[in-house]
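Engineer: Sharing a model that was predicted from the sequence below.
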Amino acid sequence: MVILNALFPNVSEDHPNPNHKLLPTCLELSKEKRIVIVGGGPAGVHMSACLAAKGYKNVTLLEAEPEVGGKSLTMYDPSQPQVPHELGTCYMSPGYTLIRKLLEEYDKDNLESNFANEDKGRMVFGIRISDEDKQKYTKGMEYFDWVLEESEKTTTSGCCRCLPNSAQNIPIFAALVKYNRLHESIFGKYPYGLPPKPKDWSRINMTAMEFLKQNGLEILEPVFLYSQQVQGYGILDKIPAFYLLWWHHPDTTNGSIRAALGSDEIIVSLLKNGWQSLWKKMVATHKDEVNYVTGATVTSIKRTPTVEVKYTHEGVEKQLEADVFISAIDLYRFRHLITDLVPEEEAVFSKLTESVLTTTLYKGKTTDHEHTVEFWFGKMGAMHPSGVGQFYGHRNSRMAARPEIPSDGSELRVAYQYMDRPLETGDASKLLNVLEENLKSYAGEEHVDVKVQKAWPYFPRFDAKGLSEGLPWKILELQGQRNTIFAGSSVCFESALDCVAYNLMLLKKICA
């Protein structure tokens with residue numbers, strides 16, 4: 001792997017983030033100031049912990065839900081109390097260095113489960129292929145076998161299978177090398193996070209799929225179908241190429257390259273105690289420095305001349321005064337809570353849109369082809385006649401995180417549905433009905449026991465026009481104005497990794 005490391009060094013350690021230049025010279029935040037953070041998801045909790053570690057003593061975090069964690073929601077079923085079922089944030093990969101540092105500091109016992117089949121030495125991700133009539137999904141195979149099968153369709157020789165096992169992924173490896181070099185030519189070298197604004201926008205002013213085709217990278221489509229599309233980060237045929245390139249930074253694609261070369265490195269893993277455990281441990285560590293208030297529904301936020309936040313807690317209306325407001329909320333849905341939002345801010349945040357990723361914990365029968373993760377090719381983003389997204393895949397957390405626990409003939413799984421539009425009133429019940437129908441029609445589940453369903457407003461983002469106007473970078477210029485710091489997935493990327501990376505960029509500009 002020495003050659004690989006020389007080709008693709010970890011740029012995070014060697015190159016500063018050029019976006020720092022767009023931030024104010026100093027985000028004034030003296031330690032005497034009163035700070036209120038609204039939103040207790042990964043961004044809000046991480047920011048509160050960082051401020052506490054820096055010596056800030058007057059910090060309050062308000063979270064509407066009974067627990068912190070936001071979309072890092074880990075559920076447990078009484079029948080399997082040792083098995084964490086992730087209904088939001090799920091995977092770890094080699095690029096999650098920042099998260100591993102947090103785990104080492106706050107949650108050392110929350111070890112990674114390597115998601116591998118020891119007999120075969122590779123991940124047991126399954127894919128179902130539809131029959132010719134696209135009706136029933138009858139052919140099951142392992143994901144990486146499918147990737148190889150698909151790659152053969154785009155290579156001229158079509159003889160990948162005649163090569164030794166170690167060489168079968170060479171075309172994919174070569175394409176990933178090309179992708180990384182192309183990425184660097186567009187953005188330069190920078191640490192993972194918000195990319196610097198490209199000098200030539202025309203090179204990426206297209207959809208993700210158009211970008212792959214234009215640059216001769218179609219062989220990577222099955223790889224990105226899983227790492228981007230199946231994760232809920234947009235349909236490749238629709239999502240702007242910018243978001244594909246944002247998520248697939250060289251630091252994160254290197255894991256895929258190592259996998260293609262047959263490395264024994266862990267490529268995808270789960271946390272044995274679940275993701276929510278990390279954020280809860282951070283809160284427990286800093287509860288003396290930060291006032292964490294859960295079950296607090298914020299009703300209005302005024303920021304000037306001083307910050308006033310009104311909220312309801314345990315049925316009582318309350319008001320909190322502060323000097324600085326840190327927004328870690330969904331600005332697509334909740335910007336109206338900021339009563340003094342100025343036209344300059346409205347012009348940016350009103351152009352956000354988002355999708356819906358629905359996760360459902362259910363119990364069904366054990367099958368003879370049980371995979372840790374299984375998805376149905378072609379169903380991602382497919383819409384049911386009722387107007388909501390169809391089921392496209394599920395994860396068996398017992399097999400993935402606790403394979404030593406035997407099955408009792410039934411399985412608890414997390415099912416996924418995706419809609420490429422914002423959440424609407426009445427969607428939840430429709431999604432549940434469609435899930436049950438789909439599980440019966442093409443997963444063979446006659447009777448399922450639904451435990452929990454979460455229809456997440458997901459992946460806030462700008463369309464191609466908003467990106468060409470530079471809105472992600474415009475937000476950097478707004479930081480610190482009107483006693484406000486913007487954090488969270490509305491101003492960066494949906495992933496917990498990105499929320500942490502964005503926070504760290506902001507914190508480097510904070511002057512005590």
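Structural biologist: Received it, and whenever you're ready, just let me know what you need.

Engineer: so where does residue 310 fall, helix or strand?
Structural biologist: Residue 310 belongs to strand 307-313 when assigned by DSSP states H and E.

Engineer: Run me through the strand neighbours of that strand, direction for each.
Structural biologist: Here strand 307-313 has these sheet partners by DSSP bridges: strand 296-302 (antiparallel), strand 316-322 (antiparallel).

Engineer: Could you chop the chain up by domain?
Structural biologist: Under automatic domain parsing, the residue ranges defining each domain of the chain are 31-70+274-351+463-511, 144-267, 353-461.

Engineer: Looking at these, spot the one closest to residue 78.
Structural biologist: Closest of the domains of the chain to residue 78 is domain 353-461, at 9.9 Å (criterion: Cβ to Cβ). The C-beta positions use only the backbone N, C-alpha and C, and glycine is treated the same way.

Engineer: quick one: average confidence on that closest one?
Structural biologist: Averaging pLDDT along domain 353-461 yields 90.

Engineer: Show me how far that domain is from its chain's centre.
Structural biologist: 17 Å (Cα atoms, centre = their mean, to the nearest Å).

Engineer: just stretch 282-299 next, same as before
Structural biologist: On the basis of Cα atoms, centre = their mean, stretch 282-299 is displaced by 23 Å from the centre of the chain it belongs to.

Engineer: Could you give me the buried positions within that stretch?
Structural biologist: By neighbour count on 16 or more other Cβ atoms under 10 Å, the buried set for stretch 282-299 is 282-283, 285-286, 289-290, 292-293, 296, 298.

Engineer: give me every residue that touches the residue lying closest to residue 211 once chain neighbours are set aside.
Structural biologist: Excluding its sequence neighbours, the residue lying closest to residue 211 (Cβ to Cβ, 6 or more residues apart in numbering) is residue 241, at 3.7 Å. By Cβ atoms under 8 Å, 6 or more residues apart in numbering, the residues touching residue 241 are 204-208, 210-211.

Engineer: try it again with 10 Å
Structural biologist: For residue 241, the contact set (Cβ atoms under 10 Å, 6 or more residues apart in numbering) comprises 186, 203-212, 214-215, 464, 467.

Engineer: Let me know the closest of the residues you listed to residue 103.
Structural biologist: Residue 103 lies nearest to residue 208 out of the contacts of residue 241, by Cβ to Cβ, at 30.7 Å.

Engineer: so that closest one touches residue 227, yeah?
Structural biologist: No. Using Cβ atoms under 10 Å, residue 208 makes no contact with residue 227, being 11.4 Å away.

Engineer: Same drill for the two, tell me which one is more crowded.
Structural biologist: The neighbour comparison of residue 208 against residue 227 (other Cβ atoms under 10 Å) goes to residue 208, with 27 against 21.

Engineer: Disregarding residues adjacent in the polypeptide, which is nearest to the more buried one?
Structural biologist: Per Cβ to Cβ, 6+ apart, closest to residue 208 is residue 244, 4.0 Å.

Engineer: Show the model's pLDDT score for that neighbour.
Structural biologist: As predicted, residue 244 sits at a pLDDT of 97.

Engineer: Likewise for residue 27?
Structural biologist: The model reports residue 27 with a pLDDT of 78.

Engineer: mind listing what it touches?
Structural biologist: Counting by Cβ under 10 Å, 6+ apart, residue 27 makes contact with 324, 479-481, 485, 506-511.

Engineer: In strands, which of those residues appear?
Structural biologist: Members of the contacts of residue 27 lying in strands (criterion: DSSP state E): 324, 485, 510-511.

Engineer: Generate a markdown table for those residues, with distance to residue 150 as supplementary columns.
Structural biologist: Compiled in a markdown table, the ones in strands among the contacts of residue 27 are given as follows (distance: Cβ to Cβ, whole Å):
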| residue | distance to residue 150 |
| --- | --- |
| 324 | 50 |
| 485 | 44 |
| 510 | 47 |
| 511 | 51 |
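
Engineer: Show me which of those are buried.
Structural biologist: Buried subset of the ones in strands among the contacts of residue 27 (neighbour count, 16+ other Cβ under 10 Å): 324, 485, 510.

Engineer: What ranges does the stretch 1-150 of the chain have for its strands?
Structural biologist: Taking DSSP state E, counting those that start in this stretch, the strands of the stretch 1-150 of the chain run over residues 27-28, 35-38, 59-63, 74-77, 80-86, 112-113, 116-117, 122-123, 125-130, 137-142.

Engineer: Let's see the pLDDT reported for residue 16.
Structural biologist: Residue 16 carries a pLDDT value of 71.

Engineer: and it, how many neighbours?
Structural biologist: 11.

Engineer: That one contacts residue 508, correct?
Structural biologist: Yes. With contact defined as Cβ under 10 Å, residue 16 counts as touching residue 508 (9.4 Å).

Engineer: Nearest to residue 459 among the buried residues of stretch 282-299?
Structural biologist: residue 298 (22.5 Å).

Engineer: Skipping adjacent residues, who's closest to the closest one in space?
Structural biologist: Spatial nearest neighbour of residue 298, excluding adjacent residues (Cβ to Cβ, 6+ apart): residue 311 at 4.5 Å.

Engineer: Which stretches in the stretch 251-400 of the chain count as strands?
Structural biologist: Under DSSP E, counting those that start in this stretch, the stretch 251-400 of the chain gives strands at 270-271, 290-294, 296-302, 307-313, 316-322, 324-327, 352-365, 373-376, 391-396.

Engineer: Which one of these lies nearest to residue 449?
Structural biologist: Among these, strand 352-365 comes nearest to residue 449, with 4.2 Å by Cβ to Cβ.

Engineer: got CSV for the contacts of residue 27, with pLDDT and distance to residue 353 too?
Structural biologist: Output for the contacts of residue 27, formatted as CSV (pLDDT from 0 to 100; distance: Cβ to Cβ, whole Å):
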residue, pLDDT, distance to residue 353
324, 96, 28
479, 95, 22
480, 93, 26
481, 94, 24
485, 96, 23
506, 93, 24
507, 92, 28
508, 89, 30
509, 86, 28
510, 83, 30
511, 70, 34
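
Engineer: how long is stretch 370-383 end to end?
Structural biologist: Using Cα to Cα, to the nearest Å, one end of stretch 370-383 lies 26 Å from the other.

Engineer: err, stretch 212-220, not the other one
Structural biologist: 8 Å.

Engineer: Same check on stretch 61-76?
Structural biologist: From its first residue to its last, stretch 61-76 covers 26 Å (Cα to Cα).

Engineer: How far off centre is that stretch?
Structural biologist: Offset of stretch 61-76 from its chain centre (Cα atoms, centre = their mean): 16 Å.

Engineer: Find the residue ranges of the stretch 201-350 of the chain scoring beneath the pLDDT cut-off.
Structural biologist: The stretch 201-350 of the chain contains residues with pLDDT under 70 at 254-267.

Engineer: For residue 383, give the beta-bridge partners.
Structural biologist: Bridge pairing for residue 383 (DSSP bridges) gives the partners residue 389.

Engineer: The residue nearest to residue 298: neighbouring residues, count only.
Structural biologist: Using other Cβ under 10 Å, residue 311 is surrounded by 22 other residues.

Engineer: How much space separates it from residue 51?
Structural biologist: Relative to residue 51, residue 311 is positioned 20 Å away (Cβ to Cβ, to the nearest Å).

Engineer: who touches residue 225 in this structure?
Structural biologist: Contact partners of residue 225, counting by Cβ under 10 Å, 6+ apart, are 127, 143, 146-147, 150, 209, 231, 235-236, 375, 377, 380.

Engineer: Closest one to residue 38 out of these, please.
Structural biologist: Set against residue 38, the nearest of the contacts of residue 225 by Cβ to Cβ is residue 231 (26.5 Å).

Engineer: Noted, bye for now.
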